[in-house]
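Participant: Quick one, fold the following:
(one chain, ligands or ions: 1)
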Amino acid sequence: MAYRAVEIIASKRDGRTLSGDEIRWLIAGFTDGSVPDYQMAAFAMAVFWRGMVPDETAALLDAMERSGDVVRWPNLAWPTADKHSTGGVGDKVSIPLAPAVAACGVAVPMISGRGLGHTGGTLDKLESIPGFNVHLDLAAFDQMVRQIGVSLIGQTDRLVPADKKLYALRDVTATVESIPLITASILSKKLAEGVGALVMDVKVGSGAFMKDRTSALALARSLVDAGTAAGRKVTAFLTAMDRPLGTHIGNALEIAESIEILHGRGPTDTRELTVRLGGEMLRLCGVATTLAAGESAIAAALDDGRALAKFRALVAAQGGDPHVCDAPHDVLPQAPLVTPLLAWQDGIVQRMDAWDIGVAAVHLGAGRNTAADAVDPAVGFVLAKKPGDRARAGEPLVYVHARTEAQTRAALTELRGAIALGAEAPTLLPLWLDVVTA
Ligand code: URA
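Facilitator: Predicted structure coming up:
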């Protein structure tokens, strides 16, 4: 059946519910170019204001998932699962989590993104390992998942092309912040990987896409409902992003922290997220009977070297130097200048604002402002204190890893504004705010 785009736009503008056929026709036309950008932009704005009922979101998700190649896993020996974070500062959890989950008998075919704005991206972090190739084609991706149970690659041009075009349009038409559009965008890429289970980490706080708990809960509910309607097992956790996660921010620095986690060490918050999100992936796949059992299995894989062995195999299979697992500082690029920001008074660290620190990291060169920008793999920050810690005047709070003196000075000034020291204990978001299940 042929429709007219203008009538579909008008229906949504006037608050009517669209049929699945109308939505599928529109997305197919947008993908092949017969529906022009200006009509799709008008449609996105109509959805922004009017929203979508769950059936419409499900149809949009289905149409987007099938707009290009889809990956499927017939005859794979293991169940499949993936994890997605809505993004934050210092969030490197995918890197230790994927091999840890694979070491516990669930395959993780992970297609990740790059950093944009103040948040980092898994691909940029992995590319800081010399030789690591994130551009495997789907045949090589398939082979690697079948051989070692895990692969981490970037999106290909043929995977979910509708999202690539629509996201670019939303970005310049002020229509990113729409829950149905975000739901279809995030899930279409994950469902096209063909996984049976998905754990979503919806971040909350200044450094997150969703700044408050109410909007994060609404997104989490929409993600769980749409993913479940698409026949997948989905859980969404709401976790804190009012301060950075872990201690290392910046591409190579976050690989170094990930390797610490894979050695059974590392900051408590990064480990806790790895263990719980990974544990839930095992539970959703039936490999663990309870979340606690899943968490114990992941913790054991981190502590006994199985997760690290899987990461070593992953790095080697994707062309990286596996010696990074043993001596990350010999292998990863290092910034020439490391300068501490010293505490300017005695006090308790009350605030280390995730947004401000993320923006300072972008200015330092660790992130990008536009998709075409290059990132500097070596630069970033290492937190010597975290919110709630006590500092004496003159003690280091943060180490700035920079290329030049000018960059260092600018970063120290920005960090000074992002951090507060005071007499009272801080009011922080709990690391775990909520969980949404089907
Ligand atoms: N991330 C995505 O992939 N899509 C959105 O719409 C928002 C965040």
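
Participant: Looking at the chain, which residue is nearest the ligand?
Facilitator: Nearest to the ligand in the chain, going by CB to the nearest ligand atom, is Ser185, at a distance of 3.4 Å. Any C-beta I mention is one placed from the backbone N, CA and C, and that applies to glycine too.

Participant: can you tell me which residues contact that residue?
Facilitator: When contacts are counted by CB atoms under 8 Å, 6 or more residues apart in numbering, Ser185 touches Met64, Asp163, Leu166, Tyr167.

Participant: Where does pLDDT dip in the stretch 101-250 of the chain?
Facilitator: In the predicted model of the stretch 101-250 of the chain, no residue satisfies pLDDT under 70.

Participant: Kindly report the residues of it close to the ligand.
Facilitator: With CB under 6 Å from any ligand atom as the criterion, the stretch 101-250 of the chain meets the ligand at residues Tyr167, Val176, Leu181, Ile182, Ser185, Ile186.

Participant: and the last one, what does it touch?
Facilitator: Meaning Ile186. Ile186 neighbours (CB under 8 Å, 6+ apart): His84, Thr86, Met200, Leu223.

Participant: do that again at 10 Å, thanks
Facilitator: Contacts for Ile186 (CB atoms under 10 Å, 6 or more residues apart in numbering) come out as Leu61, His84, Thr86, Asp163, Leu198, Met200, Val202, Leu219, Ser222, Leu223, Ala226, Gly227.

Participant: Which strands or helices does the helix or strand harbouring Ala226 pack on?
Facilitator: According to DSSP states H and E, Ala226 maps onto helix 213-229. On a contact count with 3 or more CB pairs under 10 Å, 6 or more residues apart in numbering; DSSP states H and E, helix 213-229 meets helix 54-65, helix 179-191, strand 197-204, strand 233-240, strand 432-437.

Participant: Could you check the angle it makes with strand 233-240?
Facilitator: Interaxial angle of helix 213-229 relative to strand 233-240 (axes from the mean of the first three to the mean of the last three CA atoms, to 10 degrees): 160 degrees.

Participant: Dump helix 213-229 to PDB, keeping only the CA atoms.
Facilitator: Presented in PDB, the C-alpha positions along helix 213-229 are these (Å, rounded to 0.1, in the frame of the first residue of the first chain):
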ATOM      1  CA  ARG A 213      15.400  10.100  37.600                       C
ATOM      2  CA  THR A 214      11.900  10.600  36.300                       C
ATOM      3  CA  SER A 215      12.900  11.000  32.600                       C
ATOM      4  CA  ALA A 216      15.500   8.200  33.000                       C
ATOM      5  CA  LEU A 217      12.700   5.900  34.300                       C
ATOM      6  CA  ALA A 218      10.500   6.700  31.400                       C
ATOM      7  CA  LEU A 219      13.200   5.900  28.900                       C
ATOM      8  CA  ALA A 220      14.100   2.700  30.800                       C
ATOM      9  CA  ARG A 221      10.400   1.600  30.700                       C
ATOM     10  CA  SER A 222      10.100   2.400  27.000                       C
ATOM     11  CA  LEU A 223      13.400   0.400  26.200                       C
ATOM     12  CA  VAL A 224      12.200  -2.600  28.200                       C
ATOM     13  CA  ASP A 225       8.700  -2.600  26.700                       C
ATOM     14  CA  ALA A 226       9.800  -2.200  23.100                       C
ATOM     15  CA  GLY A 227      12.600  -4.700  23.500                       C
ATOM     16  CA  THR A 228      10.300  -7.200  25.100                       C
ATOM     17  CA  ALA A 229       7.700  -6.700  22.400                       C
END
